[in-house]
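Enquirer: heads up, no residue letters with this:
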């Protein structure tokens, strides 16, 4: 393994991955590329993608947040960035004229189109290219399903309440905030610099006001830092003890909150008119796919392996949503359930296609050794040396990496972090999160887990449905098993009306239980077994009634419950990270509102609008050209908008740079004379000039990813006037 | 206006609308085209698309259901058809291994892909071509929003309960079923034929068992028929009276249900951890768009008219979901809110482009005269003679028609029915439903309403937000209005602490109220006004305190609340109707399961899979060809599947005909020799043969709608062997 290198070299020759164009000249800030990822961290961001075991990276020592940067390495000021997103209506708080509801957001036209672009690429990259079976399942889910899956019992956060004002807190957030306030107070008292934390705009104000300078003993500082580092490992009771032990209080009321209780994160409702059927809004799309396993296997003509996929909304009733678009109550997920035979090492038939894909991995071992230095390796190496458990899991990690590149993620801000043993459910084999670096730190955006046969097994057990694969064997297989034989002549008369119950209890025993019973039978001539409702619940059976023997038989069919590899994408988080990764601003020039001139350098494949059509002025002669071009682009399937507002051409360019529109066609007086147009590149602001056919051909080749604007510059004459 | 003609001529020359190919030769059934639509009807099917005023076509005389037919005019047997849809996993009941939940369905791979195809066409046809602003808004909605919109108070169905077994019924359905049973009993007693009704498979059984032969007096027959015809016009209390008056009982218990109560159809939940904020799952996507009006207007640079659009799930807690995919509890909607200046006759700038589009209209006048004969007219004529209220509404009706044609709806099974006055909310100007003929009768699939300024007005009033358009006038406009002048010197001392409340009450008066108050002031020297919380709630104001005068001033800005034209699409209903419209079967030959050999003749543009690749046999030599073709098609963006299962080639063709796959490539021994392939047309089963380039070019031109298979037959040599 090589240490991580900040300049990734091109991945998978021949595959199309978006490479951001060479950076434009920057006025005011020298171009600086992001520093190597090393001591980066953040509050453990859990999308909780099916990891009820507390997801966390928090065995790591406390470390400082790497300063957030733009695509071109400028410092990223989140307030300015967020302002731009709202001004351009990428998103907006839902129901804002009614005061809004925290954790609920609407996407405006550019946000909605960007989301659609990401989904289109996802569907092509995964569903079409991999031949997955896409399904669309109900969001409303009866409680019974989610009881079986474990969500009703375990999908909860610890919540505590202020006894004075009734305010509710997520217990771990409450402790974190309280301890950080004390640590900051200690620094203040000692005259040390208080680090500016990249925290929420909404909580920042609170904290500033409540930092009281007070010196802490060194031992306390160390203790608090240790607690913060492993905050996600405490259970609800332990969190309550921490609050009590350290006498943590709500600064607003000076009261200590009541002991925390578990708050289930699912939205509940009643289905049907009679209130009998409790239901929940699904917290993930996976269950719908899993429940349809047998039908999907049938649809796939009994062939294994195969994958299903689903794109749809899921819901989590967060106690205190924060971090803008990152922790919300309603969100779009795209999930894959890849069903694979657990025997044979979970090979993947196309693993060879991706084995040279390089990933930045932060594996278990590194994390446990206290390091945060991620390593760049090929997935082939990582599977070969056992870092990644199996080929199928590795295949999907590589495909996730390629997807993130394709939509334009900054390759220096992607890493895969392996879950530690205490983060995974007991049945999980291995689990990796694709994390993206944002101004909120490293954010879990895709989870990719090998969940063994757990999910299908629990649903099969609960419902009695057969969620197995029956595989015809080419040659019979010898199976040695403990079998129970009832000596019916005596068994029946002996147990009389209880006979059925006793028989059922015997049949339900597992192989290892039978082995034990056989031992008892051999040594004692009898064994006891629990049978509900018969006698005192325990029945003793003598050897003249039942025999238990190990027998070997030949099987022509092998029956097994497949394992599930589950890549699970939080589309909203990916969308937000992509906006940060593609953002930069044109140096120190401000626009008329005193804002930085922001640019969103989305790859054309996901850009909300591909082309903006700009008449130089309001001159009436320009209009027919605008409409003709717009129609022609529409017929070519290229989304475009005419911006003929009264603002100056410069302002209109700036507006469309903020909207992330990669190309602009300008119609000027020369157009009216010779029917030529200029084509402007968002990123470099360079322009070329050509006739309609030339311009349309150039646009098509850029939008469909065959050429870059650089290529076009070599083909068409440069245009220099009106340049901005 | 011309009477409706069953063979529509091509619409809008130059526009692409899908024309089903000439029907294939049918064995067993002579080809018969659907009869003219005349006495068709059904139980009024209300998607209740924002029509809280009971939607209904039920002033019509009771009429019999036209026999359902396939695309080629064969009788459509719903059980066979439905069997095929489930066998091919177009859809499946959600949570089936848990027993299922009525009204909830999952789409399997072909259903999901068909839905995606419909959405893609919708987005291109409406959002891209019309430059609409697509948004994605929250499903979770705080109660306050839906109180304002009227849903909390009025979005309900009458529900009654059996006192014996607690069974719950939708009151109108209960009455309909009970009266129909009596009418059937009367027929049975008189030895008349009981019409087979196209009802639900799940209720059919019940009814058959409960038909007791009993002669009814002629007057009773007439009365029952009249009640059935206008069943949707009764309110909850009146429905209760009908049950009492006619002593209607639940056949299962012989008990009369309790008086009906209103049951609100929204799913409710609580948002956030403290249970304070009641929320609902949205029953439509419209509210999110309306609440964002000002931001969207701003995004559109203050230009009018413009439209927003949204595609997303909505929820209705139906009392007794039935009719398969037609009345479900969770469904996908696509809605448009077109904002238009109410002044100037609601012209539409592109109306001229659609004025020659022909629609089958069932207008108000025809319905009220007791006729059901729809008329075929151009939308230009319908707007000109006032049948359709305005150009903008007419424009959207035409665009809806074109959309339905584009996705492959049978043009003889589309009509537009105008709402009667009693079906519309008081504020609605005009409303039309696009209805599609299915085996359940005419089903409302798209609603298109001119809702005036109602929605924006109520939200503005409730929140104080300005949901208006400010239009700079080219020359000042004279405005004459009643103005209230407070003589503050006396007003303040007179009312003292109540002054503010009285002033607010005065300011809140409308123009017409002010005119009345001015009259009082003139004749009595005083007037009275209600002021909550002051004295006994009524305040008398004398002329020395306040003056009310009509004044004329010049305005440079006109401010108005736009009107909303709202086309609203039930995607699930459209999807179901499309499957019926595209379905037929190959004559009397049955497959091995004794099923008809069904075909789903989807147009390539929406077909779930465009191409199936079939190796003639399991021969190893065929495999590389399959994978190479599949990859090449994938790169061209054409969805395809390899079907290399062991079934015979004929069986595999049949399977893919049922999946609606328009094209099949067969790889045979000749392929291995000369690298040529055959291309099979699903509808005619004809085949041509060519090399790879020829086949791929043919597929592209068919899938992208430039050519039909007929065109290809003229270009490439026919292949006759292996034909089925």
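Expert: Received the coordinates, thanks. Every value quoted in this text rests on a predicted model; they were computed, and no experiment measured them. Numbering: from 1, shown residues only, chains lettered A, B, ... in the order given.

Enquirer: strand partners of the top strand by length along chain A, parallel vs antiparallel please.
Expert: Looking across chain A with DSSP state E, the single longest strand is strand A:469-486. Strand A:469-486 sits in its sheet next to strand A:546-560 (antiparallel), going by DSSP bridges.

Enquirer: chain B contacts on the stretch 601-724 of chain A?
Expert: A:634, A:637, A:639, A:641, A:643, A:645 (CB under 8 Å from any CB of the partner chain). C-beta here means a position set from N, CA and C on the backbone, and glycine is covered the same way.

Enquirer: also the stretch 151-300 of chain A?
Expert: Proximity of the stretch 151-300 of chain A to chain B (CB under 8 Å from any CB) is limited to residues A:159, A:166, A:168, A:263, A:267-274, A:277, A:279, A:281, A:288, A:291-292, A:294-296, A:298-299.

Enquirer: narrow those residues to those in helices?
Expert: A:288, A:291, A:294-296, A:298-299 (DSSP state H).

Enquirer: got a ChimeraX select line for the buried ones in the residues of the stretch 151-300 of chain A next to chain B?
Expert: Buried members of these can be picked out in ChimeraX with the line below, counting by 16 or more other CB atoms under 10 Å in any protein chain shown:
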select /A:159,168,263,267,268,269,271,272,273,277,279,281,288,291,292,294,295,296,299
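
Enquirer: before we move on, the earlier item: can you redo the ones in helices among the residues of the stretch 151-300 of chain A next to chain B as a markdown table with pLDDT?
Expert: Formatted as a markdown table, those follow (pLDDT from 0 to 100):
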| residue | pLDDT |
| --- | --- |
| A:288 | 96 |
| A:291 | 97 |
| A:294 | 97 |
| A:295 | 97 |
| A:296 | 98 |
| A:298 | 95 |
| A:299 | 96 |
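
Enquirer: which outside residues touch the longest strand of chain A?
Expert: A:297, A:302, A:304, A:339, A:341, A:503, A:506-507, A:509, A:511, A:514-515, A:518, A:545-562 (CB atoms under 8 Å, 6 or more residues apart in numbering or on different chains).

Enquirer: report the distance from stretch A:570-579 to the chain centre.
Expert: 9 Å (CA atoms, centre = their mean, to the nearest Å).

Enquirer: can you tell me if it touches chain B.
Expert: No: Stretch A:570-579 does not reach chain B (CB under 8 Å from any CB); its nearest approach is 10.2 Å.

Enquirer: buried set for the longest strand of chain A?
Expert: So strand A:469-486, judged by 16+ other CB under 10 Å, has buried residues A:469, A:471, A:482, A:486.

Enquirer: next one: phi and psi at residue A:395?
Expert: phi -60, psi -50 (degrees, to the nearest 10).

Enquirer: show me the contacts for the closest residue to chain B within the stretch 401-550 of chain A.
Expert: Residue nearest to chain B within the stretch 401-550 of chain A: residue A:465 (4.0 Å; CB to the nearest CB). By CB under 8 Å, 6+ apart, the residues touching residue A:465 are A:294, A:459, B:97.

Enquirer: neighbours around the second one, how many?
Expert: Read it as residue A:459. If you count neighbours by other CB atoms under 10 Å in any protein chain shown, residue A:459 ends up with 21.

Enquirer: touching chain B at all, the helix or strand containing it?
Expert: Counting by DSSP states H and E, the element that carries residue A:459 is helix A:454-463. Yes: counting by CB under 8 Å from any CB, chain B has neighbours in helix A:454-463: A:459, A:463.

Enquirer: the inter-axis angle of that helix versus strand A:469-486?
Expert: 50 degrees (axes from the mean of the first three to the mean of the last three CA atoms, to 10 degrees).

Enquirer: packing partners of helix A:454-463?
Expert: helix A:143-149, helix A:286-291, strand A:563-570 (3 or more CB pairs under 8 Å, 6 or more residues apart in numbering or on different chains; DSSP states H and E).

Enquirer: and of those, who's closest to residue B:574?
Expert: Among the helices and strands packed on helix A:454-463, helix A:286-291 comes nearest to residue B:574, with 22.3 Å by CB to CB.

Enquirer: can you give the contact residues for the closest one?
Expert: A:50, A:135, A:137-138, A:141, A:145-146, A:149, A:282, A:296, A:308-310, A:335, A:337, A:455-456, A:459, A:467, A:564, A:566, A:568, B:94-98, B:106.

Enquirer: now stretch A:498-516: buried residues?
Expert: Buried, per 16+ other CB under 10 Å, within stretch A:498-516: A:499, A:502-503, A:505-506, A:509, A:514.

Enquirer: how much space separates the nearest residue to residue A:526 once chain neighbours are set aside from residue A:527?
Expert: Nearest residue to residue A:526 in three dimensions, chain neighbours excluded: residue A:542, at 4.4 Å (CB to CB, 6 or more residues apart in numbering or on different chains). Separation of residue A:542 from residue A:527 (CB to CB, to the nearest Å): 9 Å.

Enquirer: so for the two, which residue has more residues nearby?
Expert: Between residue A:542 and residue A:527, counted using other CB under 10 Å, the more crowded position is residue A:527 (21 against 13).

Enquirer: just the element for the more buried one, please.
Expert: Assigned by DSSP H and E, residue A:527 falls in strand A:526-530.

Enquirer: can you name every helix or strand that that strand contacts?
Expert: Where contact means 3+ CB pairs under 8 Å, 6+ apart, strand A:526-530 is packed against helix A:499-507, helix A:511-524, strand A:538-542.

Enquirer: let me see the mean pLDDT of that strand.
Expert: In this model, strand A:526-530 has a mean pLDDT of 91.

Enquirer: repeat that for stretch A:413-426.
Expert: 89.

Enquirer: quick check: end-to-end length of it?
Expert: 30 Å (CA to CA, to the nearest Å).

Enquirer: any buried residues in that stretch, and which?
Expert: Result for stretch A:413-426 [16+ other CB under 10 Å]: buried residues A:413-420, A:423-425.

Enquirer: turn those into a markdown table, columns for distance to chain B and secondary structure.
Expert: Formatted as a markdown table, the buried residues of stretch A:413-426 follow (distance: CB to the nearest CB, whole Å; DSSP: H, G, I helix; E, B strand; the rest coil):
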| residue | distance to chain B | secondary structure |
| --- | --- | --- |
| A:413 | 25 | helix |
| A:414 | 25 | strand |
| A:415 | 29 | strand |
| A:416 | 27 | strand |
| A:417 | 29 | strand |
| A:418 | 32 | strand |
| A:419 | 27 | coil |
| A:420 | 28 | coil |
| A:423 | 24 | helix |
| A:424 | 27 | coil |
| A:425 | 22 | coil |
